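J.: quick one, what's the 3D model for this:
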Amino acid sequence: MSYQVLARKWRPSNFSQVAGQAHVLKSLINALDNGRLHHAYLFTGTRGVGKTTLARILAKCLNCEVCVSSTPCGECGSCREISEGRFIDLIEVDAASRTKVEDTRDLLDNVQYTPSRGRFKVYLIDEVHMLSTHSFNALLKTLEEPPPHVKFLFATTDPQKLPITVLSRCLQFNLKNLSPQQITEYLLKVLQQEKIEFTEDAIWQIAAAANGSMRDALTLVDQAISYCQGNIATAGVVEMLGIPEQQKIYALLTSMSTGKVKDVFALILELAEHTPDYLHTLDGLLSALHRVALMQVVPDAIDNSLGDKVQLQSLSLTLTPEDVQLFYQMGIKGRDDLRLAADARSAFEMLLLRMMVFSPNYVVLDQRAQTGASAAVVAEVEKKKTRPALETATSKPVQPKASSSGLANNDVALTPAVGIPKTANHASNPPPLSALTHQVWLELFKTMNIGGITGNVLANSELVSVAGSTVSLVLDQTQSAVFSTELVPKLEQALSAFFKSEISVQISCGAVSAETPAMRSQRLQQERHIEMVNEFESDENVQELVKRFAGIIAKDSIAPVHERGSE
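T.: Prediction:
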């Protein structure tokens with residue numbers, strides 16, 4: 001006997017075997033059991049979600065020799081013939097190949113005749129939207145008042161192309177795309193029955209690649225069985241689909257979050273060895289960013305179905321919410337670049353560089369400090385390139401050092417810059433912990449040089465009290481989405497390193513009663529902006545220009561020139 005593909009072999013033969021589509025099954029089952037049968041049904045949805053399958057099961061329910069019910073016997077002659085595709089009273093028509101009005105008229109000429117064997121004569125028209133306008137017009141009258149022994153079952157992937165006059169004569173059921181969870185559960189049952197060895201991660205990869213289509217998933221399983229020689233493994237599926245392993249995607253995001261450009265390009269080189277589809281790779285990156293964003297804001301919405309919850313928790317602490325949103329948005333825009341670029345890999349590399357360079361939480365230090373140029377020249381260049389700190393109006397900026405461990409490897413070092421500005425070095429002589437008050441906390445924070453999500457949490461926290469070696473903080477409730485209890489050890493480690501003594505941290509989320517370092521920085525920035533606006537408006541040259549050209553000053557566009565003059 002010839003081999004039968006899984007998509008045909010495992011096509012459901014009754015409603016209980018259908019995966020998903022509970023909203024459609026409930027309506028059909030109740031209608032059949034209560035005898036409330038419509039004369040025309042329209043099944044819509046994307047490919048491979050069960051439109052034709054449901055139509056055939058419905059035809060079987062209508063013509064089962066036992067009775068009309070939602071549970072056909074499957075043993076009678078009518079049920080077997082419908083399953084085998086040879087039931088004389090089930091007329092299946094492919095509208096894509098029979099679009100002419102003459103074909104439709106030939107079809108309708110036989111409507112008046114009673115069924116040869118079954119209870120109903122069922123017309124199943126697939127891809128009905130492909131019929132011509134004249135064909136639809138010829139069908140309208142019969143569709144509105146068909147003979148009692150006739151049922152019409154329509155299936156289409158594009159219901160918008162159907163005339164409204166046809167839609168109004170049908171009961172329409174919109175089939176949803178299946179979730180990866182539903183597809184995975186079904187595939188696991190199939191593979192267990194087929195006695196095929198597999199890894200669950202590989203099946204998840206196939207389910208995700210199917211894009212909601214069960215038929216596509218089963219086809220991919222057939223391909224994976226051949227490709228992996230009967231043992232479906234993650235590595236084989238990843239290579240077959242041309243997608244990167246999930247672990248490599250998370251490693252890529254981790255390297256991007258820590259500014260390790262060399263590691264990012266090393267990972268891209270590893271990906272290139274497998275000649276991946278870079279558009280699929282980008283889609284995997286976007287999917288991971290989406291899950292990280294959910295982990296940061298709605299942790300309960302994340303399950304461990306992909307086995308990646310530990311990586312997600314780590315990335316949600318390493319990446320700031322701003323970075324996640326920026327990376328995601330730039331990735332969406334970058335999909336067009338990949339399609340247009342002559343070299344997809346180059347476009348992918350440039351996209352990742354843009355994500356890192358344009359991140360609001362990083363500044364780029366030029367690697368020319370290692371080329372022999374004097375430290376003074378490098379510092380002067382950096383003064384003009386580095387974005388200004390929020391408090392440049394109140395404190396003199398410290399020029400960056402000409403060398404660092406990251407630059408020693410001739411790489412581009414990305415230095416974290418949290419929402420509150422930092423000086424280049426830790427305070428050499430921090431005050432004793434017992435002297436820490438609210439005002440001291442505000443002044444001291446800018447010297448702590450604590451970056452990443454840890455610095456962001458501290459910047460938005462109010463110092464409540466200090467008791468012995470315990471520091472009590474209240475995190476502004478507007479920032480509660482980025483906080484988790486797993487951050488507490490990092491906070492303790494950062495503060496202990498600064499004060500050079502063991503410190504324990506007690507932190508809670510709520511309304512702050514006093515100014516936080518972030519609030520103070522924002523206030524100082526606003527005050528500086530007001531001063532600049534007043535200074536600009538009082539300038540004689542500006543006043544003359546406004547007067548002569550009837551100009552309007554765009555106050556929001558006024559900003560300090562980066563490291564101006566001798567400042």
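
J.: now do the helices in the stretch 51-200 of the chain.
T.: With DSSP state H, counting those that start in this stretch as the criterion, the stretch 51-200 of the chain has helices at 51-63, 77-84, 101-109, 133-144, 164-167, 180-194, 200-209.

J.: show the end-to-end separation of stretch 61-69, please.
T.: Distances were taken as CA to CA, to the nearest Å; on that basis the terminal residues of stretch 61-69 are 6 Å apart.

J.: can you list the low-confidence ranges for the stretch 451-567 of the chain?
T.: 561-567 (pLDDT under 70).

J.: should've said the chain
T.: Within the chain, the segments meeting pLDDT under 70 span 1, 303-307, 360-428, 561-567.

J.: which residues are in contact with the residue of it most remote from its centre?
T.: Centroid-distance maximum for the chain: Tyr113 at 53.9 Å, with CA atoms, centre = their mean. Residues in contact with Tyr113, defined by CB atoms under 8 Å, 6 or more residues apart in numbering, are Lys121. (Glycine included, C-beta is placed from N, CA and C.)

J.: do the same with the one 4 residues further on
T.: Contacts were defined as CB under 8 Å, 6+ apart; by that measure Arg117 touches Gly77, Ser78, Phe87, Ile88, Asp89.

J.: adding neighbour count, write the residues you listed out as JSON lines.
T.: Putting those into JSON lines (neighbours: other CB atoms under 10 Å) gives the following:
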{"residue": "Gly77", "neighbour count": "12"}
{"residue": "Ser78", "neighbour count": "23"}
{"residue": "Phe87", "neighbour count": "24"}
{"residue": "Ile88", "neighbour count": "12"}
{"residue": "Asp89", "neighbour count": "22"}
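
J.: from the residues you listed, which single one is nearest Leu131?
T.: Leu131 has its nearest neighbour among those in Asp89, at 21.9 Å by CB to CB.

J.: can you give me the distance of that closest one to Tyr41?
T.: When distance is defined by CB to CB, to the nearest Å, Asp89 is 16 Å away from Tyr41.

J.: same question, Gln439
T.: When CB to CB is the yardstick, Gln439 and Tyr41 sit 74 Å from each other.

J.: quick one: which of the two has more around it?
T.: Set side by side, Gln439 and Tyr41 give different neighbour counts by other CB atoms under 10 Å, the larger being at Tyr41 (24 against 11).

J.: got the phi/psi numbers for that one?
T.: Torsion angles at Tyr41 (phi, psi; degrees, to the nearest 10) stand at phi -120, psi 140.

J.: show me what contacts it?
T.: Contact analysis of Tyr41 by CB under 8 Å, 6+ apart lists Ala55, Leu58, Lys151, Phe152, Leu153, Phe154, Cys170, Leu171, Phe173.

J.: so which strand or helix has Ala288?
T.: Remark: Ala288 resides in helix 278-297, with elements defined by DSSP states H and E.

J.: which strands and helices sit next to the helix or strand just after that helix?
T.: The C-terminal neighbour of helix 278-297 among helices and strands, as given by DSSP H and E, is helix 309-318. Packing contacts for helix 309-318, counted by 3 or more CB pairs under 8 Å, 6 or more residues apart in numbering; DSSP states H and E, involve helix 246-257, helix 278-297, helix 452-459.

J.: can we see that at 6 Å?
T.: helix 246-257, helix 278-297 (3 or more CB pairs under 6 Å, 6 or more residues apart in numbering; DSSP states H and E).

J.: got a list of contacts for the next helix or strand after it?
T.: Taking DSSP H and E as the definition, the helix or strand that follows helix 309-318 towards the C-terminus is helix 321-340. Residues from elsewhere that reach helix 321-340 (CB atoms under 6 Å, 6 or more residues apart in numbering): 278-279, 282, 286, 289, 292-293, 296, 344, 347, 351, 355, 359-361, 482.

J.: and those, which two are the farthest apart?
T.: Across those, the two members that end up farthest from each other (CB to CB) are Ala344 and Val482, 34.1 Å apart.

J.: if we only consider the contacts of helix 321-340, which is nearest to Pro180?
T.: Nearest to Pro180 among these: Leu286, at 15.4 Å, using CB to CB.

J.: how many residues are close by the residue nearest to the closest one when sequence neighbours are not counted?
T.: Sequence neighbours aside, Gly331 is the residue nearest to Leu286 in space, at 4.8 Å (criterion: CB to CB, 6 or more residues apart in numbering). The burial metric for Gly331, expressed as a neighbour count using other CB under 10 Å, is 20.

J.: against Leu62, how distant is Val68?
T.: Applying CB to CB, the value for Val68 to Leu62 is 6 Å.

J.: try Ile552
T.: Distance, Ile552 to Leu62, by CB to CB: 74 Å.

J.: so for the two, which residue has more residues nearby?
T.: Comparing Ile552 with Leu62 by neighbour count (other CB under 10 Å), the higher total belongs to Leu62, at 23 against 7.

J.: Ser508: which of the helices of the stretch 51-200 of the chain is closest?
T.: If you check each of those against Ser508 by CB to CB, helix 180-194 wins as the nearest, at 35.7 Å.

J.: what residues of that closest one count as buried?
T.: Of the residues in helix 180-194, those buried under the neighbour-count criterion (16 or more other CB atoms under 10 Å) are Pro180, Gln182, Ile183, Thr184, Tyr186, Leu187, Val190, Leu191.

J.: again, but for stretch 89-104
T.: Buried residues in stretch 89-104, counted by 16+ other CB under 10 Å: Asp89, Leu90, Glu92, Val93, Ala95, Arg98, Val101, Asp103, Thr104.

J.: closest one to Phe536 out of those residues, please.
T.: Set against Phe536, the nearest of the buried residues of stretch 89-104 by CB to CB is Ala95 (69.1 Å).

J.: how about the contacts made by that closest one?
T.: For Ala95, the contacting residues are Ile125, Glu127, Val128, Met130, Leu131, taking CB under 6 Å, 6+ apart as the criterion.

J.: tell me the one of the buried residues of stretch 89-104 nearest Asn429?
T.: Nearest to Asn429 among the buried residues of stretch 89-104, counting by CB to CB, is Ala95 at 83.1 Å.

J.: on that earlier part again, which single one of the buried residues of helix 180-194 is nearest to Leu444?
T.: Nearest to Leu444 among the buried residues of helix 180-194: Pro180, at 49.0 Å, using CB to CB.

J.: and the gap between the closest residue to that closest one other than its chain neighbours and Met214?
T.: Once flanking residues are discounted, Pro180 sits nearest to Ala207: 4.2 Å by CB to CB, 6+ apart. Using CB to CB, Ala207 is found at 10 Å from Met214.

J.: ditto for Glu144
T.: In this view, Glu144 and Met214 are 34 Å apart by CB to CB.

J.: same deal with Leu6?
T.: Spatial separation of Leu6 from Met214 under the definition CB to CB is 10 Å.

J.: and for Leu131?
T.: From Leu131 across to Met214, the span is 26 Å (CB to CB).

J.: skip the chain neighbours and tell me the closest residue to Leu107.
T.: Excluding the flanking residues, the one nearest Leu107 by CB to CB, 6+ apart is Val93, at 6.6 Å.

J.: my read is that that neighbour contacts Ile125, right?
T.: Yes: assessed by CB atoms under 6 Å, Val93 is found in contact with Ile125 at 4.7 Å.
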